[in-house]
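**Student:** Just a sequence and a predicted model for now, questions to come.
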Amino acid sequence: MNLRVNRRTFLKTATATTAASYAARAFPTMATVDKGAVAINTPLSTFAYSDVELLDGPMKRQFEGNHVRFQNLDDDRLLKVFRQVAGLPAPGEDMGGWYDLNGFSLERNDFHGFIAGHSFGQYLSGLARAYAVTGSEETRAKINRLVKGYGETLDAKAKFFVDYRLPAYTYDKLSCGLIDAHEFAHDPMAMDIHAKLTHAIVAYLPEKALSRQEQRSRPHKDTAYTWDETYTLPENLFLAYQRSGVTFYRDMAKRYLEDDTYFNPLSQGNNVLPFEHAYSHVNAFSSAMQAYITLGSEKHLRAARNGFEMLTKTQSFATGGWGPNEAFGEPGTGQLGDSLGLTHASFETPCGAYGHFKITRYLMRVSKESRYGDSMERVLYNTILGAWPIQADGTSFYYSDYATTGKKVWYGQKWPCCSGTFPQLAADYHISTYLRSPDGVYVNLFTPSHVQWSEGGGRYGLKQETRYPFDNKIQIQVSGSQPKDYTIYVRIPGWAAPDPVLSVNGNRVSDAVQPGSFAAIQRTWKDGDRVELELPMPLRLEQVDANHPNLAALVQGPLVLFAVADSQPSFERNGLLQAKATNNATGDWVTTSIDGGRVTMRPFMNIEKENYSTYVMLKS
């Protein structure tokens, strides 16, 4: 959500609106239970969070840092705004920033109290997923306290949402937190509280998903209401249906699919992304995927596929990030290149990465196509792994800056939306690294890790050892209580040309290893077998867009190499491609600019406070 540019600009120019909030909507009761909750069994599935262990590396450190941060966050502070509205004793310090009650001031550009309690559900979800990974009883106890504490503040009419700025936005997060507490931490109260909340929230929602243009046409006393995100609700409502069998959730999810203005045209190949809010409309792709999984709707599968293709081909930087100023631009106009000189808010990093991981994981589960893993890892290494950790006071990393001269900075307000998606995303590294198929295991992300599973009375596992992406070699050690016939599928990135080498026990596989595919190795695997992959990683250049042919990023394998400099340097094309690696531990390269200066090229995940340029100028 853009608080620095889009919202500020919009509020200053939008027509003031007045009127009462939406009336209560007629929904069926929650009595009907359906045991057949999923229509489509996807070809690939995720492992349980507990099946995957991340070993030492940046992904593990991000997960553990987020887990510790939210495990140690005071319960009373998290519950305070809900207790205040309920008229209950509300001990503890204010959270501050977006999270508190009231205080929003456009004139001061101050978003303190912007959306009270908005991220509580995400923090709860992140803790539930962390519990699923670790089995920490301390974490489970905290989840139980938070669920119980929230339930004590919830009345039958959910008065917390009376005159609330963004009811769908915050309900969606609460819904996610409660169904995750139920699913992953087995909280005994979570689904009952979810049912009570959902039954009440309909009084504060419109009758269907509204585009932002439709919202602006409807009167409401708070202009910021036009940012509400009803179109993201179906994903978690479909999941609530799958996890409970209660058909009310499925029917409500169907009602909030944004078909008329979004999914219908996308399914027909019409690009309706331009000028929409970036993250929330990518997040909506996951609702389309759940409509396919739950209802068998091919239309929604086409919409998600087409929309993601439009995202990557017309809206994405070399880093995989997208949405400068949190908006999609018009293809063919050079909007990406132009943005480098217009904004430092290039990509809403934790939120955008969370949405990107979800849709690529869904699409890979359905299609088994490796390109979605390629896209996931590009976002992983060039955006989120370079995000600074959330601080104890809620100071958070929000935007990646791809400007002509960029710099990492903290976001100006405490506890923004990106503080909620970050712990969810970091936990989800565990379900993104490997995927299951009926005949074997897909190795998607290359990172030090260990996956284990039980099958037919035996116990089996794969353990990755690698320094990827700073080294081009990946070793996978096979373990098993007994020999077993299955297939290991290894992602071969599309950029890995001309000749990736895949070996088993030191012997190169005889079948051709094709970049842009999952290489299949089917055999009877025995304890101690070893798979080795060596990927070619030549340097290459990627233009920002066709309208700016001389603005290019230097890329090696999955890594964009940022020019560390106080102003954007210029290079001869061939000279830039002759950069030399100088530090394999940090991924640093060095080359010479057109004026003879020595320039370090560095991956985003190893940049701290230095100035940099994502794209450099090429001189022929």
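**Tutor:** It's in. Note that the structure is a prediction, hence the values are computed from the model and not measured. Numbering: from 1, shown residues only.
**Student:** alpha carbons only for contacts and neighbour counts from here, please
**Tutor:** Will do.
**Student:** and residue 429, how many neighbours does it have?
**Tutor:** By the criterion of other Cα atoms under 10 Å, residue 429 has 21 neighbours.
**Student:** ditto for residue 310
**Tutor:** By other Cα under 10 Å, 19 other residues sit near residue 310.
**Student:** who touches it in this structure?
**Tutor:** 271, 273 (Cα atoms under 8 Å, 6 or more residues apart in numbering).
**Student:** And for residue 536?
**Tutor:** Residues in contact with residue 536 (Cα under 8 Å, 6+ apart) are 472, 496-500, 557.
**Student:** what residues are up against the spatially most central residue of the chain?
**Tutor:** Geometric centre of the chain, nearest residue: residue 354, 0.8 Å, by Cα atoms, centre = their mean. Residues in contact with residue 354, defined by Cα under 8 Å, 6+ apart, are 421-422, 424-425.
**Student:** same thing but 10 Å
**Tutor:** With contact set as Cα atoms under 10 Å, 6 or more residues apart in numbering, residue 354 has these partners: 279, 282-283, 379-380, 384, 418, 421-426, 428.
**Student:** Repeat that for residue 409.
**Tutor:** Each residue near residue 409 by Cα under 10 Å, 6+ apart is listed here: 344, 387-388, 396-401, 608-609.
**Student:** ranges for the helices of the stretch 101-250 of the chain?
**Tutor:** Secondary structure of the stretch 101-250 of the chain (DSSP state H, counting those that start in this stretch): helices at 120-134, 137-153, 167-185, 190-201, 212-216, 233-244, 247-255.
**Student:** Dump these into a markdown table; add distance to residue 371, mean neighbour count and mean pLDDT as well.
**Tutor:** Formatted as a markdown table, the helices of the stretch 101-250 of the chain follow (distance: least, Cα to Cα, whole Å; neighbours: other Cα atoms under 10 Å; pLDDT from 0 to 100):
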| stretch | distance to residue 371 | mean neighbour count | mean pLDDT |
| --- | --- | --- | --- |
| helix 120-134 | 26 | 26 | 98 |
| helix 137-153 | 36 | 19 | 98 |
| helix 167-185 | 28 | 25 | 98 |
| helix 190-201 | 36 | 20 | 98 |
| helix 212-216 | 31 | 16 | 87 |
| helix 233-244 | 23 | 24 | 98 |
| helix 247-255 | 29 | 22 | 98 |
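**Student:** right, and these - which one's nearest residue 487?
**Tutor:** Closest approach to residue 487 among the helices of the stretch 101-250 of the chain is made by helix 120-134 (25.3 Å; Cα to Cα).
**Student:** What is that closest one packed up against?
**Tutor:** If contacts are counted by 3 or more Cα pairs under 10 Å, 6 or more residues apart in numbering; DSSP states H and E, helix 120-134 sits against strand 52-54, helix 58-71, helix 75-86, helix 137-153, helix 167-185, helix 418-432.
**Student:** Which neighbouring elements make contact with the third one?
**Tutor:** Right, the one you point to is helix 75-86. Packing partners of helix 75-86 (3+ Cα pairs under 10 Å, 6+ apart): helix 120-134, helix 137-153.
**Student:** that older thread, what's the closest of the contacts of residue 409 to residue 506?
**Tutor:** Using Cα to Cα, the contacts of residue 409 come closest to residue 506 at residue 387, 37.9 Å.
**Student:** how close does the nearest residue to that closest one once chain neighbours are set aside sit to residue 417?
**Tutor:** Distances taken as Cα to Cα, 6 or more residues apart in numbering place residue 397 nearest to residue 387, at 6.0 Å, with adjacent residues excluded. Separation of residue 397 from residue 417 (Cα to Cα, to the nearest Å) stands at 10 Å.
**Student:** Who has more neighbours out of the two?
**Tutor:** Using other Cα under 10 Å, the more surrounded residue of residue 397 and residue 417 is residue 397, with 27 against 21.
**Student:** In terms of helices and strands, where is the more buried one?
**Tutor:** Using DSSP states H and E, residue 397 falls within no helix or strand.
**Student:** same deal with residue 553?
**Tutor:** Residue 553 belongs to strand 551-556, assigned by DSSP H and E.
**Student:** helices or strands up against that strand?
**Tutor:** Applying 3+ Cα pairs under 10 Å, 6+ apart, one finds that strand 551-556 makes contact with strand 539-543, strand 559-564, helix 573-576, strand 598-603, strand 616-619.
**Student:** thinking again about what came up before, put together TSV for the helices and strands packed on helix 120-134, with distance to residue 532 on each row.
**Tutor:** Listed next are the helices and strands packed on helix 120-134 as TSV, based on distance: least, Cα to Cα, whole Å:
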stretch	distance to residue 532
strand 52-54	19
helix 58-71	22
helix 75-86	47
helix 137-153	37
helix 167-185	34
helix 418-432	20
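**Student:** Of all those, which one is nearest residue 589?
**Tutor:** Relative to residue 589, the nearest member of those by Cα to Cα is helix 58-71, separated by 20.1 Å.
**Student:** Now do the buried residues in that closest one.
**Tutor:** 58-67, 70-71 (16 or more other Cα atoms under 10 Å).
**Student:** other SSEs contacting that helix?
**Tutor:** With 3+ Cα pairs under 10 Å, 6+ apart as the test, helix 58-71 has strand 52-54, helix 120-134, helix 137-153, helix 371-382, helix 418-432 packed against it.
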